[in-house]
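K.L.:
from the sequence below, what's the structure:
(chains A and B)
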There are 2 protein chains.
Amino acid sequence: MANIGIVGLGIMGLPMAKNLLAAGHTVTGHDRSQAAVDKLVGFGGTAAGSIADTVAGADIFITMVPDSPQVQDIVYSEGGLLESASAGLIYVDMSSIRPDVSMDVAKSCREKGIRPLDAPVSGGEPGAVAGTLSIMVGGEQADFDEVLPVLSVMGRTIVRVGPSGSGQTVKAANQLMVAVNIEALAEALLLLEAYGVDMAAAVTVLGGGLAGSAVLEQKAQKMLNREFAPGFRIDLHHKDMGIVTAAAREAGVVIPLGAVAAQLVAALRSQGDGGLDHSALLRGVERLSGRYGEK
Amino acid sequence: MANIGIVGLGIMGLPMAKNLLAAGHTVTGHDRSQAAVDKLVGFGGTAAGSIADTVAGADIFITMVPDSPQVQDIVYSEGGLLESASAGLIYVDMSSIRPDVSMDVAKSCREKGIRPLDAPVSGGEPGAVAGTLSIMVGGEQADFDEVLPVLSVMGRTIVRVGPSGSGQTVKAANQLMVAVNIEALAEALLLLEAYGVDMAAAVTVLGGGLAGSAVLEQKAQKMLNREFAPGFRIDLHHKDMGIVTAAAREAGVVIPLGAVAAQLVAALRSQGDGGLDHSALLRGVERLSGRYGEK
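P.N.:
Numbers count the residues shown, from 1 in each chain, chains lettered A, B, ... in the order given. As a prediction, the model looks like this:
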């Protein structure tokens, strides 16, 4: 069993920490929200008052925070990871952040003898609660192998995809594909509705061929019902599309559909739908088409 | 067993006719290519020298031609379907054409007592040969029910999706989603390659989550290998994206990603790749990104 420190006890981090505790690990946690820390203590964890206190005594240090600046703050700030950690610590950043930031962080960690892994997840809150996340890991194979038993408590599909930053790149690619596939489905569904097609029959036949997808299976019926409770919020997908476009710019890869999808997600957020599920991209197509509120 | 007339004995129509003959139906066929008609005769069919001759004596008349103008020519020309058919004939247009044209054709047919069904297919040449096509049918339920045993010889998933034109609309939606999903995959793969990610591992983890799709399953490995033998040709998808954009314009539905995907398919065709599989959209992303020919 490992001594694990974790910073970030939000809707993802807290259930992940709970699963680690349930598996018998020792978990010390820190969060800006005292209520979140209190919940961790309720599950059997230990409260830490600072990043340094979270790192102290840990074999594995995990972060699960919203975005790149929060990770940079945890790593670089006074009393942060680089100042606090002993050589040999494994640092697993499970946040979804920019691949280039992730690579910079990894480099800084290695200079201090800290062993970095970027390990963003997909599967959302349900996956975090059930311990069935997909985890895309970048970093050294030996460090991955060492931490795999701990990651296995939180996830089901856990794959090392390359050197540091690779996990973040794969997560970015994942979010590009998901946003584009949802928008394609939204455009297709509104077109079909406009022509008075039998939507249930259409979804069946579309799902049986090359247009079939996990997005179609999981989102089509809710979109037809205009049920947009999250799930995965537009606000978060907007953040991720920022990562996607930045990563593509950094690499000089041109992503026409990714870029348009990023704008459509941004539009939905600007229109006040940031708190809805990303399948609410259908509302954006409705507004563009003068059909908003018809269903 | 039915007397079936068929016009259009190309790479789709000929194997479909062959399957109808093998199931015991009588098939009379016509095509601009005498070689195609000769092949039909070789399979046990009967040659017809004109549309009128193909319609004469048929219970069911099928067309399987490239595009809307060919269907309009067969229906409206001198000696065409409207002039030749007796009341009660079932006309099944299995071509992929514009939904609005399909609705016009259906209206004209009904005025003559002809019973129209639009029944475009997906599954390509392999599906036509194996008799496993997906068939999306628009038209009257009673006519659909009557012709279903014949359609079942050619397809596996056969669904009535609404009134006349609905089959074409669903096919258009299908082609929109397929083009967009392929382009999204192409953008994602090039991004991942640019970052030096382990591509096999990445495809595995992407396929296990919300980014999973039939396109990913069927096309990713070939795209990574730069194998672009068709399959489904860019030229045909270009034609279909014309139908998609026209159908969306007609209905007043705005399709931002569909429209961009149509342009990217058009670009690939202009760049000389019209004869390649639609997964060659990856080459377009490579060219845009200055990475063409690297792999």
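
K.L.:
quick one: the helices in the stretch 1-150 of chain A?
P.N.:
A:13-22, A:34-42, A:51-55, A:68-76, A:81-84, A:99-111, A:124-130, A:141-154 (DSSP state H, counting those that start in this stretch).

K.L.:
just the angle between the first one and helix A:34-42, please?
P.N.:
Meaning helix A:13-22. 10 degrees (axes from the mean of the first three to the mean of the last three C-alpha atoms, to 10 degrees).

K.L.:
contacts for helix A:13-22 next, please.
P.N.:
Helix A:13-22 is contacted from outside by A:4, A:6, A:9, A:27, A:29, A:31, A:36, A:39-40, A:43-45, A:62, A:64-65, A:94, A:125, A:128-129, A:131, A:133, A:150, A:153-154, using C-beta atoms under 8 Å, 6 or more residues apart in numbering or on different chains. Yep, even glycine has a C-beta here, placed from its N, CA and C like the rest.

K.L.:
likewise the fifth one?
P.N.:
Residues outside helix A:81-84 that contact it (C-beta under 8 Å, 6+ apart) are A:51-52, A:55-56, A:61, A:74-76, A:91, A:108-109, A:112, A:114.

K.L.:
now do that helix, average pLDDT.
P.N.:
Summarised as a single mean, pLDDT over helix A:81-84 is 97.

K.L.:
ok, the fourth one next?
P.N.:
The predicted model gives helix A:68-76 an average pLDDT of 97.

K.L.:
could you check the angle helix A:99-111 makes with that helix?
P.N.:
Counting by the same axes, to 10 degrees, helix A:68-76 lies at 10 degrees to helix A:99-111.

K.L.:
chain center to helix A:68-76, what's the gap?
P.N.:
Centre-to-centre, helix A:68-76 and its host chain are 16 Å apart (C-alpha atoms, centre = their mean, to the nearest Å).

K.L.:
so what does that helix touch, helix or strand wise?
P.N.:
strand A:60-63, helix A:81-84, helix A:99-111 (3 or more C-beta pairs under 8 Å, 6 or more residues apart in numbering or on different chains; DSSP states H and E).

K.L.:
what's the neighbour count on the residue lying closest to A:Ala52 once chain neighbours are set aside?
P.N.:
What sits nearest to A:Ala52 in space, not counting adjacent residues and going by C-beta to C-beta, 6 or more residues apart in numbering or on different chains, is A:Ser84, at 4.1 Å. Counted with other C-beta atoms under 10 Å in any protein chain shown, the neighbours of A:Ser84 add up to 20.

K.L.:
for stretch A:206-214, measure first residue to last.
P.N.:
12 Å (C-alpha to C-alpha, to the nearest Å).

K.L.:
pull the distance from it to the chain's centre.
P.N.:
25 Å.

K.L.:
can you check stretch A:65-73 too?
P.N.:
That offset, for stretch A:65-73, works out to 13 Å (C-alpha atoms, centre = their mean).

K.L.:
same question for stretch A:70-90.
P.N.:
On the basis of C-alpha atoms, centre = their mean, stretch A:70-90 sits 21 Å off its chain's mean C-alpha point.

K.L.:
picking up where we left off before, among the contacts of helix A:13-22, which ones are buried?
P.N.:
Taking 16 or more other C-beta atoms under 10 Å in any protein chain shown as the criterion, what is buried in those is A:4, A:6, A:9, A:27, A:29, A:31, A:36, A:39-40, A:43, A:45, A:62, A:64-65, A:94, A:128-129, A:131, A:133, A:150, A:153-154.
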